[in-house]
Structure formats: C-alpha cells, structure tokens
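Q: When you get a sec, could you give me coordinates for this:
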Amino acid sequence: MEVFTPPSAGLLSSPSKRAMMHPREAFRVPYGCRSRQAAFLPLEQPEDERAPSGQSSLSKKLRPPSRVNEVTPACPRGLEGPLQTGSGAELVHVVSVRPEEAWEEAKVRLFPALISPPLPASPPSADPNHVSMDLKHVPDPREQGWYLGLMAPNIKGPSFAWLDPSRLYCHPQAFQDCVEDLLKTFRGDPIDLVAGIDAMGFILGAAIAHTLKKGFLAIRKAGHLCVKTLSKPYKDYQAREKVMEMRADAISPGLRVLLVDQWVETGGTMRSAIHLVEEQGGLVAGIAAICVEDSEGGLWLKDHYKWAHCVPPQLMPQFNAHWLDSFQAFNPNQGPQ
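A: Okay, the predicted model is just below:
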C-alpha cells in the first residue's frame with residue numbers, strides 16, 4: 001500500500017489555492033483531503049518529472065478536476081486511478097463521488113488498522129492459579145442446603161469473615177434454591193415490605209422482595225443517605241462500633257417488615273435493624289439469613305422472632321465451629337472438587 005504524504009501547510013492555507021477549488025468542495029474530509037468530490041493522494045513521480053530543487057512540485061500541480069468524476073473510465077469506482085492534471089502531469093488518485101464513500105476509502109488507505117479484522121479470542125488461561133467455578137453442575141436430587149458446599153473459606157486472615165457465602169450467588173440454581181429455602185417459613189404470612197441490611201443483605205433482600213412482589217428498603221451504614229434518616233449505633237461481628245441508618249419516611253405504624261441479611265453471627269447488626277423498624281411503629285414479620293448462628297445474640301433472635309435460614313440441623317455444629325467439612329475438598333484455585 002502506498003504511503004500518503006499530506007500536502008504542506010502552506011498549500012492548504014493559501015487563499016489562491018482555496019480559490020481554485022471546485023464550488024462543491026466545501027466540506028472537510030479525512031486528513032490531507034481538501035475536496036468533497038475528490039481526495040488527492042500523491043504518488044511518487046519519475047525522476048525526470050520531479051520539480052527542481054527548492055520548488056514545490058505540489059504548489060502548481062494539485063488541482064481539483066474540472067468536473068465531477070473526471071476519472072479514468074477503466075478504473076473501479078471510488079479509487080479510479082491516475083489522472084493527469086496541470087503542467088508536469090503529476091499522478092494523483094481521485095477518490096470519489098459521495099463524501100461517505102470518500103471517507104470509507106480513505107480509511108482503507110490511510111488507517112488500515114481501523115478496518116483490520118479483530119484478533120481471535122484468547123484461549124482459557126493455562127495458569128495453574130486461574131480461578132474458575134463450575135456454574136452448571138446441579139446434584140440430583142437437590143437436598144436442602146446442597147449449595148452451602150459452594151461457599152469459600154477465608155484464606156486471607158482474621159480481618160475477614162470466616163467464609164464467603166456470596167460465592168453461591170454465582171451459581172444460578174444455587175441462588176434460586178437459597179431464596180426458595182428462606183421463603184418456605186414465610187409462605188402465606190402477611191409481609192408488606194422487605195428490608196435488606198447493608199451491604200450483602202441487599203442481594204438476598206432484593207431477590208426475596210422480587211419473588212414476593214413486594215417493595216425493598218435498604219438499611220444503610222451511616223453517611224450514605226442524603227435524606228432525613230433515623231440512626232442506631234451497633235457493634236458488628238468483629239465488635240467494631242458502627243452506626244446504621246434508615247430513611248424516616250419508609251415505615252408507617254403497623255407495616256410488617258421482613259428483615260434480611262446475608263449472615264447473622266453475633267446478632268448485633270440485626271438487632272439494630274429491628275430497633276429502627278420498631279421505633280417507627282413497624283412490625284418485624286421475621287428475620288432471614290443464610291445462617292443464623294447459635295451465638296448468644298443469634299439465640300436471642302431465634303427466641304423472640306420468627307426466623308429462617310438455609311442450614312439443615314445436622315450441619316449446624318460445623319457452622320457454629322466456623323469450619324465446614326466441604327472446606328477440606330476446596331481448592332482455592334479451582335473451587336470444590
């Protein structure tokens with residue numbers, strides 16, 4: 001492909017050269033092209049036809065055609081081939097008729113990278129540290145809590161929770177079964193609103209609200225809501241002092257609210273959310289989480305409110321001990337084996 005060398009700045013800005021242009025050449029085309037009907041791509045001249053030293057051969061020889069489509073008839077439309085213009089007969093290509101055609105063909109010549117075919121997709125990584133997960137396998141039959149084995153253990157140290165429950169959300173059937181298991185306890189109960197607790201409770205809470213066709217209320221950590229709020233201090237599962245907020249206009253007296261969080265370990269976060277609902281006259285229809293542990297706070301909640309979680313009774317000792325048998329078969333790079 002020939003390399004395009006644009007005309008000099010003096011040629012493009014010269015009033016005398018602009019005056020010679022065809023009247024219909026009043027729109028801008030790709031860089032270096034000054035004509036609506038023609039874009040000139042100078043070719044290399046024979047040695048004997050080049051201008052003397054110190055004189056620009058372009059200054060007198062680049063002229064627009066005297067009429068539209070003044071091209072060599074045998075050449076294809078759009079890049080019609082050499083045309084002799086002016087004295088000295090410098091060869092130029094005329095690029096054609098419609099502006100959109102001129103632009104497409106200029107891209108071919110000037111910017112081949114823009115129209116190059118895309119590179120083939122890279123194959124899956126062969127890196128042994130590449131993390132993958134089987135999102136298709138579903139056991140048959142699906143026993144209660146089968147998806148709990150998808151949860152990942154903590155591999156980063158004591159500043160994190162002891163496991164990652166959100167891994168099961170990646171599996172479509174596991175996520176659906178988790179939501180259905182939580183709702184079994186509340187089927188037929190009067191529920192007006194579902195409230196999810198910041199932040200992971202938003203995922204399960206919104207899914208439950210959608211399933212029940214109810215509204216969803218986000219109970220936030222302090223500092224995120226730009227409206228009038230009610231707040232309540234609490235301690236999280238790591239005994240850190242925090243503040244919880246809820247908008248003041250969402251709950252009216254007598255409204256029945258289902259509270260949802262991802263996990264209940266010490267119960268401090270859930271109790272704070274309960275206080276916010278009840279202080280506005282709302283009624284707690286129940287609490288739901290993947291697991292409500294048998295801690296002091298968790299047992300208090302189970303004694304005072306209707307509750308649901310996904311853990312079968314035979315697995316509760318493992319959850320209370322913060323170690324699941326499924327962790328033994330867990331490969332942090334490839335998931336459960």
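
Q: Residue 171: neighbour count?
A: 19 (other Cβ atoms under 10 Å). Where C-beta positions appear, they are placed from N, C-alpha and C, glycine not excepted.

Q: residues contacting it?
A: Neighbouring residues of residue 171 by Cβ atoms under 8 Å, 6 or more residues apart in numbering: 133, 135, 147, 150.

Q: Grab the nearest non-local neighbour of the second one.
A: Spatial nearest neighbour of residue 135, excluding adjacent residues (Cβ to Cβ, 6 or more residues apart in numbering): residue 171 at 5.5 Å.

Q: what's the distance between that neighbour and residue 216?
A: According to Cβ to Cβ, to the nearest Å, residue 171 stands 23 Å off from residue 216.

Q: what do you get for residue 284?
A: Here the criterion is Cβ to Cβ. By it, residue 284 lies 16 Å from residue 216.

Q: Quick one: the helices in the chain, in order.
A: For the chain, applying DSSP state H gives helices covering 9-13, 15-19, 58-61, 99-110, 172-183, 201-212, 268-279, 296-304, 316-320.

Q: any idea of the mean pLDDT for the third one?
A: So that's helix 58-61. Mean pLDDT, taken over the full extent of helix 58-61, equals 45.

Q: ok, now the fifth one?
A: Rounded to a whole number, the mean pLDDT of helix 172-183 is 97.

Q: I would like the residues contacting that helix, please.
A: Applying Cβ under 8 Å, 6+ apart, the set of residues contacting helix 172-183 from outside is 135, 138, 142, 144-147, 150, 168-169, 204, 207-208, 211-212, 260, 288-290, 308-310.

Q: List the buried residues in it.
A: Of all the residues in helix 172-183, those buried under the rule 16 or more other Cβ atoms under 10 Å are 173-175, 177-179, 181-183.

Q: Closest one of the residues you listed to residue 272?
A: residue 182 (20.7 Å; Cβ to Cβ).

Q: can I see the domain layout of the chain?
A: If the domains of the chain are taken from automatic domain parsing, they occupy 9-115, 146-336, with pieces of a single domain joined by a plus sign.

Q: quick one: residue 139 and residue 311, what's the gap?
A: Remark: distance between residue 139 and residue 311 (Cβ to Cβ) = 17 Å.

Q: more crowded one of the two?
A: Using other Cβ under 10 Å as the criterion, residue 139 and residue 311 rank with residue 311 on top: 19 against 10.

Q: What residues are bridge-paired with residue 256?
A: Note on residue 256: beta-bridge partners by DSSP bridges are residue 283.

Q: Next, count neighbours for it.
A: Using other Cβ under 10 Å, residue 256 has 17 neighbouring residues.

Q: I'd say it and residue 192 touch.
A: Yes: the pair residue 256 and residue 192 passes the contact test of Cβ atoms under 8 Å, sitting 4.7 Å apart.

Q: Need the residues touching each of those two.
A: Common contacts of residue 256 and residue 192 (Cβ under 8 Å, 6+ apart): residue 285.

Q: backbone phi and psi for residue 267, please?
A: Backbone dihedrals for residue 267, given as degrees, to the nearest 10, come out at phi 90, psi 0.

Q: isn't it right up against residue 295?
A: Yes: with contact defined as Cβ under 8 Å, residue 267 and residue 295 form a contacting pair (6.5 Å).

Q: Looking at the two, which is more packed in?
A: Taking neighbours as other Cβ under 10 Å, residue 267 and residue 295 compare with residue 267 leading, 23 against 16.

Q: How about the contacts made by residue 316?
A: If a contact means Cβ under 8 Å, 6+ apart, then residue 316 has residue 294 as its contacts.

Q: what's the pLDDT at it?
A: Reading off the confidence values, residue 316 has pLDDT 98.

Q: Are any of the contacts of helix 172-183 buried, and if so which?
A: Burial of the contacts of helix 172-183 was assessed by neighbour count (16+ other Cβ under 10 Å); the buried members are 145-147, 150, 168-169, 204, 207-208, 212, 260, 288-290, 308-310.

Q: in the stretch 101-250 of the chain, which spans are strands?
A: Under the criterion DSSP state E, counting those that start in this stretch, the stretch 101-250 of the chain carries strands at the ranges 152-153, 163-164, 193-197, 215-221, 229-235, 241-247.

Q: Identify all contacting residues around the last one.
A: Taking contacts as Cβ under 8 Å, 6+ apart, the residues outside strand 241-247 that touch it are 195, 197-198, 217, 219-225, 227-236, 269, 272-273, 276-277.

Q: where in the stretch 51-200 of the chain is pLDDT low?
A: Under the criterion pLDDT under 70, the flagged ranges of the stretch 51-200 of the chain are 51-132.

Q: If we use 90, what do you get?
A: Segments of the stretch 51-200 of the chain classed as low confidence (criterion: pLDDT under 90) are 51-136, 159.

Q: hang on, residue 324 packs against residue 291?
A: No: the pair residue 324 / residue 291 is not scored as a contact, 10.6 Å apart, by Cβ under 8 Å.

Q: Near the nearest residue to residue 162 once chain neighbours are set aside, how many other residues are there?
A: Once flanking residues are discounted, residue 162 sits nearest to residue 322: 4.4 Å by Cβ to Cβ, 6+ apart. For residue 322, the neighbour count with other Cβ under 10 Å is 13.

Q: Before I go, just wanted to say thanks for your time.
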